[in-house]
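1. make a model of this:
(chains A and B)
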Amino acid sequence: ILNVEQSPQSLHVQEGDSTNFTCSFPSSNFYALHWYRWETAKSPEALFVMTLNGDEKKKGRISATLNTKEGYSYLYIKGSQPEDSATYLCAFSAGGGADGLTFGKGTHLIIQP
Amino acid sequence: NAGVTQTPKFRVLKTGQSMTLLCAQDMNHEYMYWYRQDPGMGLRLIHYSVGEGTTAKGEVPDGYNVSRLKKQNFLLGLESAAPSQTSVYFCASSYFGPQGYEQYFGPGTRLTVT
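-> Modelled structure (predicted):
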């Protein structure tokens, strides 16, 4: 069973501050690392899918980096806003990539006004 | 374009009863997945399908069966429900696109087995 670990479990951040959290995953048989954003009462929505070591992706104030050799990825949020409050999931795929994802338990982010 | 839909949204079953959860997608995606979400756990893969007529086991397949008779539908069956199957079930679909195998999730089905 593959193990995907996310830290911290939860995080309270003041509005306007920047924050980051970590995902660690197996470095062997790597295909892709996914980040999803999951708001309460909604479905998870994809933020990034990264496949190459050293990949950096950005969407607005959110960015992510990937290190496949050591098995970790960081998600950064710059200038947090209340609408950033959500659970952020990372997920690992091995092999060919279509065989489903192994998810971490998520980081629950609360932005305090 | 409805994306991924799941039927029903909520269901209460008694131990031993059977039911089928339906997932439908209108994006012509090749790949479909069933996950379950339990408190304190990450989403866990139950079964998946890489094409019409094909299915495969995921991490937690016991007690479930699936069928993919049509490309747009992926059915999850519980033959004899147990309280341990109380969970929220999410269906997802994907294709190989510019973002790799990005998955698109349905709204979830909350199942309680008493």
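2. as a quick check, tell me the outermost residue of chain B.
-> Distance to the chain centre peaks in chain B at B:P98, reaching 24.4 Å (criterion: Cα atoms, centre = their mean).
3. need phi/psi at that one.
-> Backbone geometry at B:P98, expressed as degrees, to the nearest 10, gives phi -60, psi -30.
4. distance of it relative to A:W35?
-> B:P98 sits 16 Å away from A:W35, taking Cβ to Cβ, to the nearest Å as the criterion. Using the backbone N, CA and C atoms, a C-beta is placed for each residue, glycine as well.
5. again with A:N53
-> From A:N53 to A:W35 the distance is 16 Å (Cβ to Cβ).
6. equivalent analysis for A:G104, please.
-> In terms of Cβ to Cβ, A:G104 sits 10 Å off from A:W35.
7. so what's the residue sitting nearest the centre point of chain B bridging to?
-> Residue closest to the average C-alpha location in chain B (Cα atoms, centre = their mean): B:W34, at 2.8 Å. Going by DSSP bridges, B:W34 is paired in beta bridges with B:H47, B:C91.
8. and if you look at A:R37?
-> Note on A:R37: beta-bridge partners A:E45, A:Y88, judged by DSSP bridges.
9. count the neighbours of it for me.
-> With neighbours defined by other Cβ atoms under 10 Å in any protein chain shown, the count for A:R37 comes to 19.
10. ditto for the one 3 residues further on
-> When counting by other Cβ under 10 Å, one arrives at 8 neighbours for A:T40.
11. state the pLDDT value of it.
-> Listed pLDDT for A:T40 reads 89.
12. do the same with A:I1
-> A:I1 is assigned 62 on the pLDDT scale.
13. now swap in the one 10 residues further on and tell me
-> With respect to pLDDT, A:L11 has a value of 95.
14. and for B:G97, the neighbour number?
-> 10.
15. circling back to that earlier point, what do A:G104 and A:W35 both touch?
-> Common contacts of A:G104 and A:W35, defined by Cβ atoms under 8 Å, 6 or more residues apart in numbering or on different chains, comprise A:C23, A:L89, A:C90, A:A91.
16. pretty sure B:R36 sits against B:F90.
-> Yes - the criterion here is Cβ atoms under 8 Å, and B:R36 meets it with B:F90 at 7.5 Å.
17. overlap of the contact sets of those two?
-> B:L43.
18. what sits closest to residue 109 if chain neighbours are left out?
-> Chain wasn't specified; assuming chain A. Excluding the flanking residues, the one nearest A:L109 by Cβ to Cβ, 6 or more residues apart in numbering or on different chains is A:L11, at 5.2 Å.
19. switch to chain B, please.
-> For B:T109, the closest residue by Cβ to Cβ, 6+ apart turns out to be B:Y89, at 4.6 Å.
20. helix or strand right after the helix or strand where the one you found lies?
-> Per DSSP states H and E: B:Y89 is located in strand B:87-94. Sequence order places strand B:103-105 as the next helix or strand after strand B:87-94, per DSSP H and E.
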